[in-house]
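Student: Following is a predicted model, sequence given first.
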Amino acid sequence: GNTALQSENDSGTTAANLLARHLVNELYFSMDDLASAAQGGDKAAAKEAWSRGRDYLNSYLRIVNYPIISRVGDKFSVVEGSL
């Protein structure tokens, strides 16, 4: 389960959970692409995979950050780096 978005006691799915799962899956695919490109020495493909993965990660973090209020704690920082 995704305890950052949903309580373990809640067995239903929400649009936010489904979107978060999609973003995490795409992030994993992007990181696989990055590893393959790096192994193959394809710098352009590695940069593209990194950028795509960073965007998926940042989208996920924005969803997770949405319900976080100051009493709960600090929001997660997005990734701003590029290759």
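Tutor: Ah, there it is. Numbers count the residues shown, from 1 in each chain.

Student: Which helix runs longest in this structure?
Tutor: helix 15-40 (DSSP state H).

Student: where's that one relative to the chain centroid, distance-wise?
Tutor: 8 Å (C-alpha atoms, centre = their mean, to the nearest Å).

Student: Return the set of buried residues in it.
Tutor: 17, 20, 23, 26, 27, 30, 31, 33, 34, 37 (16 or more other C-beta atoms under 10 Å). For every residue, glycine as well, the C-beta is placed using N, CA and C.

Student: Redo those residues as CSV? Include pLDDT and distance to residue 65.
Tutor: CSV is the format used below for these (pLDDT from 0 to 100; distance: C-beta to C-beta, whole Å):
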residue, pLDDT, distance to residue 65
17, 87, 15
20, 90, 12
23, 96, 13
26, 97, 18
27, 97, 16
30, 98, 20
31, 97, 21
33, 98, 26
34, 97, 24
37, 98, 29
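
Student: Closest one of the residues you listed to residue 51?
Tutor: residue 30 (8.7 Å; C-beta to C-beta).

Student: mind listing what the closest one touches?
Tutor: When contacts are counted by C-beta atoms under 8 Å, 6 or more residues apart in numbering, residue 30 touches 49, 50, 52, 53, 56.

Student: from the middle of its chain, how far away would the following helix or strand past the longest helix of the chain be?
Tutor: Following helix 15-40 in sequence order, the next helix or strand is helix 43-65 (DSSP states H and E). Relative to its parent chain, helix 43-65 has a centroid offset of 7 Å by C-alpha atoms, centre = their mean.
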